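**Q** Requesting a structural model of the entry that follows:
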Amino acid sequence: MFSRLAALLFLLVIYGVPLGQAGWELSRSNEVQALDVFGAVEQGQLDEFEDELRGASFLHLLGSPMYQLGLLRVFNQGSQKAVTGTDGWLYYGQDLDLVTAAGFLEERAADDSPLVTIVDFRDQLATQGVELLLVPVPSKSMANPEHISSWTKQLSWVENSDNGAFFAALDEAGVQVVDLAAIYARLEQEGQDLYLIRDTHWTPRTMAAVAEEISARTRELLGDEEGSGRTPHTTRLEQQRVSGAGDLVGMLQFPLGVEPYPPMELTTERVVDAYTGELLETDRDSEVLLLGDSFAGVFSDPQLGLGQGAGLSERLANELGFAVDAIVIAGGASRTVRESLARRAGGVSGKRVVIWQFSERDLLPGAGDWRSVTLPDPTDSSSGDPETKEPALSEAGLIVLAEVVEVSRIPEGFDYAFCLGVVEYRVLEVRRGAFGAEPLWVAHVIMVDFESSPDASIQVGDRFILDLERIEDHHDLDETSWVDDTDAGRDIWFPTGSRQAPR
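**A** Numbers count the residues shown, from 1 in each chain. You can find the predicted model right below:
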């Protein structure tokens, strides 16, 4: 009797789970995803299939949040991404990797070297008369290590073994750097927490102190000469109470409606026009450009859940007395912001200072993308690719029938609400406009409100009729997270309409 019961339970586990999964997918009007594996597949496709299958599993979707909640309540255990510390603090796993891993400068190829890329970017800017001011932001684990565990409570600062060598190499290369260690030390002496208790980002007070230092250095680089892109603004600071869970709580993925931590309560200072009371906006024509990631936007971008109008670009404008230009992309400061800048037809034309803020965690191998990006030459009237000198694409809209050659996928663990993914096409027929060269690169919206969009499932071999406009005509996409696995050139299009075509 026992052996029959054991056999029945075994068969139930073996066949019940996949049959239950199939039934669950069919009940939601979806195809049975497991059937996608049949047919010839490559290793990359198989890895992608495994990731998608895991994400679609009802056991994973329903069971993992309950399992995570149990780990937290019984063992005070977080996850690989969000690690529990002491006194209710949470830390980002990759931040901890930065201070525990081997030196981040070891065995880096030239096309993956932060130092090589930073110096190259500085040199490109210099040829156009633009100064670079670099702002590497320490991780939370570096600046507030005392809450990681009971073993670290006496520590006030820890860093990667290559941190000193990195800053020394930048100094030797003549790169202008805002080293935040001294600012952090002063704030800590004042009894200030440098970072938020359950978020990866700095406190409003820390950001304000950093903005003061950046502004002072920027004024030195600008000198007393009045620039054409300097439109004076009279601003004032307006306090705003903000309540939010923190991005690290979101990474723990608890069951819907369960909130094991109280919300964080903090006060930010919004920058508003002194006369109208309206939030200060960025100025595309400003002679100062900020490139940054979520550290720059954490108190500006409402999607990050900690208020708006009080981020780094606004604070810089308040300190400088004029609005700045900004390209701020969560998770994209190592390369994506430079790509967005390169897609601007004028590049850095009219700029005198570029402030490049990035997170030091991006220095870890595999964490940031440090490939070089070529800025457009403002003296070159062609909008084609500056390396291949291919002819420019049509200035008018473009309608084509095209077949997918390569796609970009959302990386596992991607934590941002909105994302574009570049898809490479082979043009089969041009139905309106003119297309000058192969291949065709199109930036599709593949994530909205933290959920994959239908375009995220585009497959190699699919055919679409695409109504396209130039990506640089969509300024609202300047500060958008990008995924590009295609090595796209500068000529990228955005679909204003598309429909799948039969093969």
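
**Q** which residue ranges form the helices in this structure?
**A** 2-11, 17-27, 43-56, 58-75, 93-100, 114-127, 140-143, 163-172, 181-189, 204-222, 247-252, 294-297, 312-320, 336-343 (DSSP state H).

**Q** now what about stretch 405-412, what contacts it?
**A** The contact list for stretch 405-412, computed with C-beta atoms under 8 Å, 6 or more residues apart in numbering, reads 48, 51, 419, 421-426, 439, 446-447, 452, 456, 458-460, 483-486. Every residue, glycine included, has its C-beta placed from N, CA and C.

**Q** Quick check: PyMOL command selecting the buried ones in those.
**A** Selection of buried members from the contacts of stretch 405-412 for PyMOL, criterion 16 or more other C-beta atoms under 10 Å:
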select buried, resi 48+419+421+422+423+424+425+439+446+447+452+456+458+483+484+486
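
**Q** can I assume Pro108 is in contact with Pro365?
**A** For the record, residue 108 is Arg, not Pro. Yes. Between Arg108 and Pro365 there is a contact under C-beta atoms under 8 Å: 6.8 Å.

**Q** quick one, what contacts Leu96?
**A** Contacts of Leu96 (C-beta under 8 Å, 6+ apart): 83, 141, 148.

**Q** Now do the closest residue to the second one other than its chain neighbours, the pLDDT please.
**A** Right, Ser141. Spatially, and ignoring its direct neighbours in sequence, Ser141 is nearest to Asp95 (4.3 Å; C-beta to C-beta, 6 or more residues apart in numbering). Here, the pLDDT recorded for Asp95 equals 91.

**Q** Now do the contacts for the residue nearest in space to the middle of the chain.
**A** Nearest to the geometric centre of the chain sits Gly331, at 1.9 Å (C-alpha atoms, centre = their mean). For Gly331, the contact set (C-beta under 8 Å, 6+ apart) comprises 293-294, 414-416, 481.

**Q** Including pLDDT, could those go into a markdown table?
**A** Compiled in a markdown table, the contacts of Gly331 are given as follows (pLDDT from 0 to 100):
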| residue | pLDDT |
| --- | --- |
| Asp293 | 93 |
| Ser294 | 92 |
| Phe414 | 70 |
| Asp415 | 67 |
| Tyr416 | 70 |
| Ser481 | 76 |
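
**Q** what would those residues look like in CSV with neighbour count?
**A** CSV is the format used below for the contacts of Gly331 (neighbours: other C-beta atoms under 10 Å):
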residue, neighbour count
Asp293, 24
Ser294, 25
Phe414, 15
Asp415, 17
Tyr416, 19
Ser481, 22
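
**Q** can you tell me which two in the residues you listed are farthest apart?
**A** By the measure C-beta to C-beta, Asp293 and Phe414 form the most distant pair in these, at 13.8 Å.

**Q** And stretch 154-163, end to end?
**A** End-to-end span of stretch 154-163 (C-alpha to C-alpha, to the nearest Å): 21 Å.

**Q** who's in contact with the nearest residue in space to Ala296 that is not next to it in sequence?
**A** Counting by C-beta to C-beta, 6+ apart, Ala296 lies nearest to Leu312, which is 4.0 Å off, once chain neighbours are set aside. Residues in contact with Leu312 (C-beta under 8 Å, 6+ apart) are 207, 210-211, 214, 290, 292, 295-297, 300, 328, 357.

**Q** can you pick the most crowded of these?
**A** Ala296 (34 neighbours; other C-beta atoms under 10 Å).

**Q** how many other residues sit next to Ser349?
**A** Around Ser349 there are 13 residues (other C-beta under 10 Å).

**Q** Report the separation between the residue nearest to the centre of the chain and Glu172.
**A** 30 Å (C-beta to C-beta, to the nearest Å).

**Q** picking that back up, now do the residue nearest to Ser141 against Met264, distance only.
**A** 18 Å.

**Q** So for the two, which sits in the more crowded spot?
**A** Higher neighbour count among Asp95 and Met264: Asp95, with 25 against 18, using other C-beta under 10 Å.

**Q** For Asp120, which residues are in contact?
**A** Ser372.

**Q** Find the nearest non-adjacent residue to Ser139, please.
**A** Using C-beta to C-beta, 6+ apart, the nearest residue to Ser139 is Asp95, at 3.8 Å.

**Q** if we can go back for a sec, list phi and psi for the residue nearest to the centre of the chain.
**A** Dihedral pair for Gly331: phi 70, psi 10, per degrees, to the nearest 10.

**Q** Okay, it and Arg361: tell me how far apart.
**A** Following C-beta to C-beta, the distance that separates Gly331 from Arg361 is 10 Å.

**Q** now Ala165
**A** 17 Å.

**Q** out of the two, which sits in the busier spot?
**A** Arg361 (26 against 14).

**Q** surely that one meets Ala367?
**A** Yes. Arg361 lies in contact with Ala367 (C-beta under 8 Å); the separation is 5.7 Å.

**Q** Quickly list what's touching both of the two.
**A** Contacts common to Arg361 and Ala367, judged by C-beta under 8 Å, 6+ apart, are 94, 97.

**Q** Format the CA atom coordinates belonging to stretch 327-347 as CSV.
**A** Taking C-alpha atoms only, stretch 327-347 is exported to CSV below (Å, rounded to 0.1, in the frame of the first residue of the first chain):
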residue,chain,number,x,y,z
ILE,A,327,20.6,62.6,-20.0
VAL,A,328,19.8,60.5,-17.0
ILE,A,329,19.2,56.8,-17.6
ALA,A,330,18.7,54.3,-14.7
GLY,A,331,21.3,51.6,-15.0
GLY,A,332,22.8,53.1,-18.1
ALA,A,333,25.5,55.5,-17.0
SER,A,334,28.5,53.5,-18.2
ARG,A,335,27.5,53.4,-21.9
THR,A,336,23.9,54.1,-22.6
VAL,A,337,24.0,57.8,-21.8
ARG,A,338,27.0,58.2,-24.1
GLU,A,339,25.0,56.4,-26.9
SER,A,340,22.1,58.7,-26.3
LEU,A,341,24.4,61.7,-26.6
ALA,A,342,25.9,60.3,-29.8
ARG,A,343,22.5,59.9,-31.3
ARG,A,344,21.9,63.7,-31.0
ALA,A,345,22.5,65.2,-34.4
GLY,A,346,24.6,68.0,-32.8
GLY,A,347,26.4,65.8,-30.3
